[in-house]
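Engineer: quick one: sequence plus predicted model below, questions after.
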Amino acid sequence: MAKTKIQPLPASVDKECQSLQCEQNQAVYTVWMKSLLFNGNGCTVFAADGHVAFRVDNYGCRGGREVFFVDCAGNTLIRIQRKSFIGMFRRWEACRCAGDGEGLGEETATPWFRVRKADKNGAAVTMHGTGGKYRIDGCPRKSDYKIIGADGAAVAAIGRKQTASGVVLGEDVLTLTVGSEADHLLVLGLVVVCGLMNRCL
């Protein structure tokens, strides 16, 4: 029996994605807020061809203090840590890792970006070094939010996945559309942070 692949629909079916900066050459991923490991917490990202592109496997409890975002070969790309603050002062810090080809990433000396809750409907993102700013609109919602750039335009959007016949799947199966000018790894890292905020992984 042939293996079934999970594939995203074209970007045109996602109304949240129509406001992205670039209508052409968008990248579309399917994000399944589940780990492929038995009894594990995490998420799995599928590329447009239906194959696993990235994953997060959290062996601890949901909303753990530290998770690692890895590629399909197991190389660590991002390390995300939750800092010990509560409520509106809680924040997450991410370090970009340099893969060594053996699945053991070498963490950079300084954080790549920081995320903190800005209000009840969003979160603020600050890039380390450059001071660049992003905003996540609607991140308290588990399956419907957008990532906004400094110019106010959406660079990525996420929403519940639909089948070809229009059936909306569960809240743990999402379609992520990323604009052609956006940093895909940054966007995926922010999706993971949103999952941690909502205790989805």
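Structural biologist: Sure thing, it's come through.
Engineer: C-alpha from now on. contacts and neighbour counts both.
Structural biologist: Noted.
Engineer: so, low pLDDT: which residues of the protein?
Structural biologist: 1-24, 38-39, 59-64, 84-89, 99-109, 140 (pLDDT under 70).
Engineer: residue ranges of the strands in it, please?
Structural biologist: In the chain, the strands defined using DSSP state E lie at 27-32, 41-46, 52-58, 66-71, 76-82, 91-98, 106-107, 113-119, 122-127, 133-137, 145-148, 154-160, 173-178.
Engineer: adjacent strands (with direction) for the fifth one?
Structural biologist: Using DSSP bridges, the neighbouring strands of strand 76-82 in the sheet come out as strand 66-71 (antiparallel), strand 91-98 (antiparallel).
Engineer: then it to PDB, C-alphas only?
Structural biologist: Taking Å, rounded to 0.1, in the frame of the first residue of the first chain, the C-alpha atoms of strand 76-82 are listed here in PDB:
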ATOM      1  CA  THR A  76      19.500  21.400  15.400                       C
ATOM      2  CA  LEU A  77      18.600  24.700  13.800                       C
ATOM      3  CA  ILE A  78      17.000  26.700  16.600                       C
ATOM      4  CA  ARG A  79      17.100  26.400  20.400                       C
ATOM      5  CA  ILE A  80      14.200  28.100  22.100                       C
ATOM      6  CA  GLN A  81      14.100  28.800  25.800                       C
ATOM      7  CA  ARG A  82      11.300  30.100  28.000                       C
END
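Engineer: so that strand versus strand 52-58, what angle?
Structural biologist: 30 degrees (axes from the mean of the first three to the mean of the last three Cα atoms, to 10 degrees).
Engineer: now do the longest one
Structural biologist: Orientation of strand 91-98 against strand 52-58 (the same axes, to 10 degrees) gives an angle of 130 degrees.
Engineer: out of everything not next to it in sequence, what's closest to Gln162?
Structural biologist: Spatially, and ignoring its direct neighbours in sequence, Gln162 is nearest to Val168 (4.4 Å; Cα to Cα, 6 or more residues apart in numbering).
Engineer: please apply the same query to Ile148.
Structural biologist: Excluding the flanking residues, the one nearest Ile148 by Cα to Cα, 6+ apart is Ala154, at 4.3 Å.
Engineer: the one you found pairs with what?
Structural biologist: Bridge pairing for Ala154 - DSSP bridges - gives Leu20, Ile148.
Engineer: format the CA atom coordinates belonging to stretch 132-144 as CSV.
Structural biologist: What follows is stretch 132-144 as a C-alpha-only set of coordinates in CSV (Å, rounded to 0.1, in the frame of the first residue of the first chain):
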residue,chain,number,x,y,z
GLY,A,132,14.3,44.6,13.7
LYS,A,133,10.7,44.3,14.9
TYR,A,134,7.9,41.9,14.1
ARG,A,135,4.4,41.4,15.6
ILE,A,136,2.3,38.3,15.9
ASP,A,137,-1.4,39.1,15.6
GLY,A,138,-3.8,36.7,17.2
CYS,A,139,-1.1,34.4,18.8
PRO,A,140,-3.4,33.5,21.7
ARG,A,141,-5.5,31.6,19.1
LYS,A,142,-4.0,28.2,18.5
SER,A,143,-4.7,28.0,14.8
ASP,A,144,-5.4,31.5,13.3
